[in-house]
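Q: below are the sequence and a predicted model; questions follow.
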Amino acid sequence: KAGVTQTPRYLIKTRGQQVTLSCSPISGHRSVSWYQQTPGQGLQFLFEYFSETQRNKGNFPGRFSGRQFSNSRSEMNVSTLELGDSALYLCASSREPGLQDNEQFFGPGTRLTVL
Amino acid sequence: QQQVKQSPQSLIVQKGGISIINCAYENTAFDYFPWYQQFPGKGPALLIAIRPDVSEKKEGRFTISFNKSAKQFSLHIMDSQPGDSATYFCAARYTGNQFYFGTGTSLTVIP
């Protein structure tokens, strides 16, 4: 079974630009969560999608948005990029929320550098 | 506000020794506590997890100890090996699928 795939793996942008990251979950998984990982803050929850609906949202500004498609693939978008947005963005897939042992499988991440 | 506090930030252990990483939380609504292992350039991978109605869970060399009254849980790695050198994260789950992570512990096992 293929794992979680994220594209692109590396991205360099300049301040003010916008970026779209993509995540394909494991086949059969319908829940996708996004995290931002930085050396100073660790892993921080961005948002979670299930059945094309955002179920939870972390404490990030509105510049961070996402969506999920009917095939469970998800995209996240960051507009008006700031230097502080430089991070590893991780996508995690799981079967569905609410299951007792709902294991999350992480992708390799997209390394975003904002210059 | 850090929902899950993890210590130590870094840990150096001799091969064959025991590595211990601790986490503490405040929110009693958390219902699932996983530990993740992350190697450079990779995403975190689930190592072992526990529910709050269990006080200990062991899988191979890895053991989680859970103290519900103290709101603390810890990861013990027995017979630590150089291949265990990685960053370890504790996490706690809230409302279905929202996870809060500790800040990570960088473990180095010296041969």
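A: Thanks, I have the structure now.

Q: do the longest strand along chain B and chain A meet at all?
A: Secondary structure assigned by DSSP state E gives strand B:86-94 as the longest strand of chain B. Yes - using CB under 8 Å from any CB of the partner chain, strand B:86-94 reaches chain A at B:89, B:91, B:93. The C-beta positions use only the backbone N, C-alpha and C, and glycine is treated the same way.

Q: in stretch B:68-85, which residues are buried?
A: Buried residues in stretch B:68-85, counted by 16 or more other CB atoms under 10 Å in any protein chain shown: B:71, B:73, B:74, B:75, B:76, B:77, B:80, B:84, B:85.

Q: ok, now stretch A:76-95?
A: The neighbour-count criterion (16+ other CB under 10 Å) identifies A:76, A:78, A:81, A:85-95 as the buried residues of stretch A:76-95.

Q: and the end-to-end length of that stretch?
A: 20 Å (CA to CA, to the nearest Å).

Q: ditto for stretch B:4-13
A: Start-to-end, stretch B:4-13 (CA to CA) is 24 Å.

Q: just give me how far it sits from the chain centre.
A: With CA atoms, centre = their mean, to the nearest Å as the basis, stretch B:4-13 stands 9 Å off its chain's centre.

Q: do the same with stretch A:45-56
A: 10 Å.

Q: stretch A:19-34 too?
A: Worked out by CA atoms, centre = their mean, stretch A:19-34 lies 7 Å from the chain centre.

Q: which stretches of chain B aren't confidently modelled?
A: In the predicted model, chain B carries pLDDT under 70 at residues B:1.

Q: swap in chain A?
A: For chain A, residues meeting the criterion pLDDT under 70 lie at A:1, A:98, A:100.

Q: which bits of it sit near chain B?
A: A:4, A:31, A:33, A:35, A:41-45, A:48, A:50, A:55-56, A:58, A:90, A:92, A:94, A:97-98, A:100-109.

Q: list buried members of the residues you listed by neighbour count.
A: For the residues of chain A next to chain B, buried by 16+ other CB under 10 Å: A:4, A:31, A:33, A:35, A:42-45, A:48, A:50, A:55-56, A:58, A:90, A:92, A:94, A:97, A:102, A:104-109.

Q: quick one: which of those sit in helices?
A: If you go by DSSP state H, these have nothing in helices.

Q: the strands in chain A, which residues?
A: Per DSSP E, chain A carries strands over the ranges A:5-7, A:10-13, A:19-24, A:31-38, A:42-50, A:53-57, A:64-68, A:74-78, A:87-94, A:105-106, A:110-114.

Q: next, the buried residues of the first one.
A: Spelled out, it's strand A:5-7. For strand A:5-7, a neighbour-count test (16+ other CB under 10 Å) marks A:5, A:6 as buried.

Q: residue 106 pairs with what?
A: Here I'm looking at chain A. residue A:92 (DSSP bridges).

Q: chain B was what I was after
A: residue B:10, residue B:87.

Q: contacting residues for the residue nearest to residue A:112 when sequence neighbours are not counted?
A: By the measure of CB to CB, 6 or more residues apart in numbering or on different chains, the closest residue to residue A:112 outside its immediate chain neighbours is residue A:11, 5.0 Å from it. Going by CB atoms under 8 Å, 6 or more residues apart in numbering or on different chains, residue A:11 touches A:19, A:21, A:110, A:111, A:112, A:113.
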